[in-house]
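Student: Make a model of this:
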Amino acid sequence: MSDLRSSHRHMANAIRALAMDAVEAANSGHPGMPMGMADAATALFARHLKFDPAAPRWADRDRFVLSAGHGSMLIYALLHLTGYDSPTIADIRNFRQMGSPCAGHPENFELAGVETTTGPLGQGLATAVGMAMAERHLNAVYGDDLVDHRTWVIAGDGCLMEGISQEAIGLAGHLKLGRLNVLWDDNRISIDGPTSLSTSEDMAKRFDAAGWHVIACDGMDFDAVDAALAIAKADPRPSLIACRTTIGFGAPTKAGTSGSHGSPLGAKEIEGARAALGWTAAPFDVPADIAADWQAVGACGAAVRADWEARLAASPQAEQFTARMAGTITAAATDALQAHVAGLIAAPQTIATRKASEIALAAINSMAPILIGGSADLTGSNNTKTKDQAAFTAENYAGRYIYYGIREFGMAAAMNGLALHGGCVPYGGTFLVFSDYMRNAIRMSALQRTRVIYVLTHDSIGLGEDGPTHQPVEHLLSLRAIPNLAVYRPADAVETAECWALALADEARPSVLALSRQNLRQLRLTAGANLSARGAYRLKAAGAARRVVILATGSEVEIALAAADLLEAAGTGVDVVSMPSWEAFDAQPAAYRADILPADALIVSVEAGVTMGWQRYTGSNGLNLGVDTFGASAPIAALYDHFGLTPVKIAASITARL
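Tutor: As a prediction, this is how the structure comes out:
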């Protein structure tokens with residue numbers, strides 16, 4: 001960059017101008033953060049970030065995460081200026097408008113240069129930890145020739161106030177993720193005003209205590225930031241680069257105040273800012289010399305990428321690496337899972353579905369190195385680790401099992417990062433009730449279309465004596481309410497294997513496997529197609545003339561079959577339908593759904609959770625049996641009897657309704 005036609009400050013001012021103009025045109029947005037971090041971002045992109053706009057999905061590119069996603073115009077300006085195909089200047093003119101890829105917060109499915117959707121503060125940082133973990137793991141497997149890049153984050157005060165940030169920095173420090181570098185936009189302003197209103201912690205000491213390298217610099221000085229980033233890169237620890245900045249830099253009355261944080265500056269303020277910055281170009285116009293300098297920055301990565309592509313072409317691991325980065329589940333793993341199901345049919349098992357999940361994983365894990373497991377300190381309860389998995393540690397990044405500690409939210413966000421990086425299909429376990437801790441990260445999995453698998457065990461009052469604090473009742477419904485999230489609640493070992501097959505095959509959607517603590521009898525005893533793929537299927541057809549259809553999930557399917565036997569003995573014909581997935585059933589043809597849920601029968605739902613939502617299948621005249629209060633501390637048998645979910649009580653409720 002020694003032959004610049006303009007100065008670094010002029011290059012940064014192009015970011016400031018585009019941010020001001022776009023927010024003003026939209027009459028909505030956050031101009032202050034891009035204006036404050038423009039110099040630091042210029043130093044990062046011009047001197048340190050490894051990227052090529054011509055190949056935005058190049059596997060060995062550096063990952064850049066704008067954790068402070070409200071400042072989205074920063075990344076939109078950078079992508080446009082450095083030569084990405086999108087966003088165009090027309091897209092930026094339409095910032096925050098319907099149809100523009102320049103959404104209010106960056107969305108990974110809209111723009112190739114956006115690595116992860118950010119907005120909920122702190123999650124970008126936590127997701128970046130997962131990306132850094134993926135880089136180290138793949139480096140350990142494939143070596144420096146194919147995997148040798150960094151993860152860069154711009155985070156704001158809000159990101160570091162959010163609790164998830166502590167989970168993230170603690171995990172990153174423990175794992176010594178030295179390829180992770182976080183630029184903290186230390187502007188000391190939040191929406192309410194100065195951050196001194198709400199916090200007085202020493203951020204440097206906080207990161208230092210977590211095992212990070214910390215360096216401070218003048219975030220408004222290109223050379224100072226450049227030097228700090230070079231020092232950070234040389235340190236073996238993850239680094240926090242504290243960039244002291246002025247929010248809304250250049251704005252005559254709003255710079256350094258919350259007035260520039262989340263509102264358009266206004267025409268008069270922008271006029272003053274242009275004068276202060278020496279920016280005379282028309283709105284959305286970037287002078288040719290400045291544009292050329294930015295294009296030159298974008299062109300720097302082409303030669304680096306070409307060298308990498310040559311190494312890949314010459315590597316004996318090229319085919320395997322390419323398939324892994326494409327997310328391919330090996331045919332051997334698929335075959336192993338099918339063989340596992342055949343083995344269950346030959347030798348039925350009465351086991352908890354959490355144990356059935358472990359056995360399914362044991363069948364496929366050695367055949368699917370792309371799978372990266374883990375648990376939030378509940379490995380022995382979630383049954384998520386198989387014998388072939390070594391721990392992922394600072395001493396062994398080749399390991400494929402992550403001990404996340406008691407960091408459910410951080411685990412979920414890190415799994416998003418592992419998936420978004422490529423080359424990893426992560427799964428992680430905790431109790432279903434603790435999905436509340438990580439709900440927003442699960443939502444972000446669904447929004448970003450990541451293949452992340454949540455193994456959520458102890459899925460009902462069936463966990464017993466731990467009581468209502470640990471017994472999920474509203475959680476299944478809550479998770480089913482999230483768009484683009486597949487929620488599976490298998491009834492036995494066969495359905496569990498089938499649900500694993502579906503989750504692994506679903507490349508653009510996360511999945512939840514809700515699994516039992518208690519043992520369940522194997523109900524599927526004949527070989528055939530993956531019936532769970534239909535979402536719901538007739539497990540037992542009525543013997544007598546059909547008057548009732550019982551819909552049940554998970555541990556209640558076995559109970560529903562016993563209740564049906566009692567009703568059949570009394571002359572009432574009953575179908576029993578196992579419904580492991582609402583989402584899959586809703587996707588079936590209307591004729592299939594009508595056959596499973598006939599209009600001339602009483603439809604009864606049975607699930608050990610809240611009954612809300614089941615009416616969409618049972619109709620207003622149906623019967624919904626479940627748990628519409630918090631649970632209780634008692635043995636399993638006493639709990640199911642108390643809540644009316646025994647064969648005798650279910651049969652009595654149906655008879656009374658008939």
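
Student: In contact with T253: list those residues for me.
Tutor: Applying C-beta atoms under 8 Å, 6 or more residues apart in numbering, we find T253 in contact with 259, 269, 272. C-beta: built from backbone N, CA, C; applies to glycine.

Student: per-residue pLDDT, it?
Tutor: Here the pLDDT value assigned to T253 is 98.

Student: Ok, D3 next?
Tutor: The predicted local confidence for D3 is 59.

Student: quick one on the thing from earlier: just the buried ones among the contacts of T253, please.
Tutor: Neighbour counting over the contacts of T253 (16 or more other C-beta atoms under 10 Å) leaves 259, 269, 272 as the buried ones.

Student: Including distance to A508 and pLDDT, could those go into a markdown table?
Tutor: Shown next, in a markdown table, are the buried ones among the contacts of T253 (distance: C-beta to C-beta, whole Å; pLDDT from 0 to 100):
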| residue | distance to A508 | pLDDT |
| --- | --- | --- |
| G259 | 41 | 96 |
| E269 | 43 | 98 |
| G272 | 47 | 98 |
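
Student: Which ones among those lie within helices?
Tutor: Using DSSP state H, the members of the buried ones among the contacts of T253 that fall in helices are 269, 272.

Student: tell me which of the buried ones among the contacts of T253 is nearest to R400?
Tutor: Closest approach to R400 among the buried ones among the contacts of T253 (C-beta to C-beta): G259, at 49.5 Å.

Student: quick one: the closest one from V147, how far?
Tutor: Distance of G259 to V147, given as C-beta to C-beta, to the nearest Å: 45 Å.

Student: circling back: quick one: which of the contacts of T253 is nearest V549?
Tutor: G259 (61.2 Å).

Student: Pull the contacting residues for that closest one.
Tutor: Neighbouring residues of G259 by C-beta under 8 Å, 6+ apart: 248, 253.

Student: got it, and the one 10 residues further on?
Tutor: E269 makes contact with 251-254, according to C-beta under 8 Å, 6+ apart.

Student: for P31, same thing?
Tutor: P31 neighbours (C-beta under 8 Å, 6+ apart): 19-20, 23-24, 73, 248, 260, 264-265.

Student: D641 too?
Tutor: By C-beta under 8 Å, 6+ apart, the neighbours of D641 are K649.

Student: For it, identify the helix or strand it belongs to.
Tutor: helix 636-642 (DSSP states H and E).

Student: what comes up buried for that helix?
Tutor: Counting neighbours by 16+ other C-beta under 10 Å, one finds that the buried residues in helix 636-642 are 636, 639-640.

Student: what's the answer for stretch 285-292, then?
Tutor: 286-287, 290-291.

Student: and it, how far out from the chain's middle?
Tutor: When C-alpha coordinates are averaged (C-alpha atoms, centre = their mean, to the nearest Å), stretch 285-292 and its chain have centres 38 Å apart.

Student: tell me the average confidence for that stretch?
Tutor: Here the average pLDDT along stretch 285-292 is 97.

Student: CA-only coordinates of it in PDB, if you can.
Tutor: Provided in PDB are the C-alpha atoms of stretch 285-292 (Å, rounded to 0.1, in the frame of the first residue of the first chain):
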ATOM      1  CA  ASP A 285     -20.000   9.100  -4.400                       C
ATOM      2  CA  VAL A 286     -16.500   7.900  -3.700                       C
ATOM      3  CA  PRO A 287     -13.700   9.900  -5.500                       C
ATOM      4  CA  ALA A 288     -11.800   7.900  -8.100                       C
ATOM      5  CA  ASP A 289      -8.400   8.000  -6.300                       C
ATOM      6  CA  ILE A 290      -9.900   6.700  -3.000                       C
ATOM      7  CA  ALA A 291     -11.900   4.100  -4.800                       C
ATOM      8  CA  ALA A 292      -8.800   2.900  -6.600                       C
END
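
Student: Can you verify V548 is assigned to a strand?
Tutor: Yes - per DSSP: H, G, I helix; E, B strand; the rest coil, V548 lies within a strand segment.

Student: want to throw the contacts of T253 into CSV with distance to G626?
Tutor: Formatted as CSV, these follow (distance: C-beta to C-beta, whole Å):
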residue, distance to G626
G259, 51
E269, 57
G272, 62
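
Student: Closest one to A587 out of those, please.
Tutor: Taking these together and measuring to A587 by C-beta to C-beta, the closest member is G259, at 48.6 Å.
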